[in-house]
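Q: Okay, predicted coordinates and the sequence, questions at the end:
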Amino acid sequence: MENIWTRFGEKVVHENINLCLPRGEILGLVGASGSGKTVLLREIIGLQTPSQGEVFVMGRSLKNIPANDSQRLRTNCGVLFQKGALFSVLDVFDNIAFPLRELGIRDEELIKHLVFMKLENVGLSPRDAWLKPADLSGGMTKRVALARALIVEPDLLLLDEPTSGLDPISSEDFVELLSRLHRELKFTVVMVTHDLDILRDLCTLVAVLADHRLVAFGPLARVLSSQHPFVEQFFHNKRAERVFHHYQETTHGQK
């Protein structure tokens, strides 16, 4: 992202954002409510155009990109929305198969093979395929949504608060699942999160949005050393100090 400005009327959301994410990294995007984290995700996938600046995804500029090229690029991106955003009238199978059918794939045997493979990848059984979203627990909903996001084998995965609404055990299970899939599939991740455990255990890089700007970016240890007031408030309160205490000790020990 180069020199990104985002305005809604007179309101400035982003002011000169510059960010480069190498392939294969897991970026945790942190910021106060209203700081424009989800807007940034929408700009990365091309659902929204910045007021100024230029976004490059996998080496391609999104500025004035032809419609066919834009569609191909989006096909190489998977998205997991905050509450899963499963289609309530479709069962699990058809939710996961939806992106394949949108791409024009009509071979039902191939679709069945890919859907059941993705169900297995995310730790669900074949019999779960016939459940409706209303029958799923919060953890299962996230797994189904992740399976749908990964069904086209994307190189880039965008996640919006993937563990929100989950109990601690389900949240930890989901983090372990995502970590395993990342090792196996080597995709790149941009993730909006306020989950301190995810930032510590999963993210290889952290970006902090505050005051319309990117005020900190890099490995967690570098972000923790920032003296920006929002960083101090978010990463150095009592709970955060408990979460990061062992991490900081380990980091200092390695140095």
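A: In hand now; what should we look at?

Q: Stretch 185-198: how far from the chain's middle?
A: Relative to its chain's centre, stretch 185-198 lies at 6 Å (Cα atoms, centre = their mean, to the nearest Å).

Q: end-to-end on it?
A: Between the opening and closing residues of stretch 185-198 lies a distance of 19 Å (Cα to Cα, to the nearest Å).

Q: in what helix or strand does the most centrally placed residue in the chain lie?
A: Centroid-nearest residue in the chain, with Cα atoms, centre = their mean: residue 159, separated by 2.1 Å. Following DSSP states H and E, one finds residue 159 within strand 156-160.

Q: Residues touching that strand, excluding its own?
A: Contact with strand 156-160 is made by 37-38, 41, 44-45, 57-58, 76-82, 149-150, 187-193, as judged by Cβ atoms under 8 Å, 6 or more residues apart in numbering. Yep, even glycine has a C-beta here, placed from its N, CA and C like the rest.

Q: residue boundaries of the strands in the stretch 151-255 of the chain?
A: Secondary structure of the stretch 151-255 of the chain (DSSP state E, counting those that start in this stretch): strands at 156-160, 188-192, 205-210, 213-218.

Q: Which pLDDT value goes with residue 84?
A: In the predicted model, residue 84 carries a pLDDT score of 69.

Q: any idea how far the residue nearest to residue 171 when sequence neighbours are not counted lies from residue 206?
A: In space, residue 171 comes closest to residue 163 once its chain neighbours are excluded; the distance is 4.2 Å by Cβ to Cβ, 6 or more residues apart in numbering. When Cβ to Cβ, to the nearest Å is applied, the distance between residue 163 and residue 206 equals 16 Å.

Q: So, low pLDDT: which residues of the protein?
A: Low-confidence regions of the chain, defined by pLDDT under 70, span residues 84, 245-255.

Q: Tabulate the strands of the stretch 151-255 of the chain (TSV), appending distance to residue 32.
A: Listed next are the strands of the stretch 151-255 of the chain as TSV, based on distance: least, Cβ to Cβ, whole Å:
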stretch	distance to residue 32
strand 156-160	16
strand 188-192	12
strand 205-210	6
strand 213-218	11
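
Q: Out of those strands, which is closest to residue 87?
A: When the strands of the stretch 151-255 of the chain are ranked by proximity to residue 87, the top entry is strand 156-160, at 17.3 Å, counting by Cβ to Cβ.

Q: roughly how far is the closest one from the heart of the chain?
A: The chain centroid and the centroid of strand 156-160 are separated by 3 Å, computed with Cα atoms, centre = their mean.

Q: likewise stretch 104-123?
A: Offset of stretch 104-123 from its chain centre (Cα atoms, centre = their mean): 22 Å.

Q: So which bits of it are buried?
A: When burial is assessed from 16 or more other Cβ atoms under 10 Å, stretch 104-123 yields the following buried residues: 111, 114, 115, 116, 118, 119, 121, 122, 123.

Q: ok, of those, which one's closest to residue 227?
A: Sorting the buried residues of stretch 104-123 by distance to residue 227 puts residue 122 at the head of the list, at 40.1 Å, by Cβ to Cβ.

Q: one step back: apply the buried test to the contacts of strand 156-160 and list what passes.
A: Among the contacts of strand 156-160, those buried by neighbour count (16+ other Cβ under 10 Å) are 37-38, 41, 44-45, 57, 77-81, 149-150, 187-193.

Q: picking that back up, of the strands of the stretch 151-255 of the chain, which is nearest residue 240?
A: strand 205-210 (12.5 Å).

Q: partners of that closest one, with directions?
A: As defined by DSSP bridges, the strand partners of strand 205-210 come to strand 26-31 (parallel), strand 213-218 (antiparallel).
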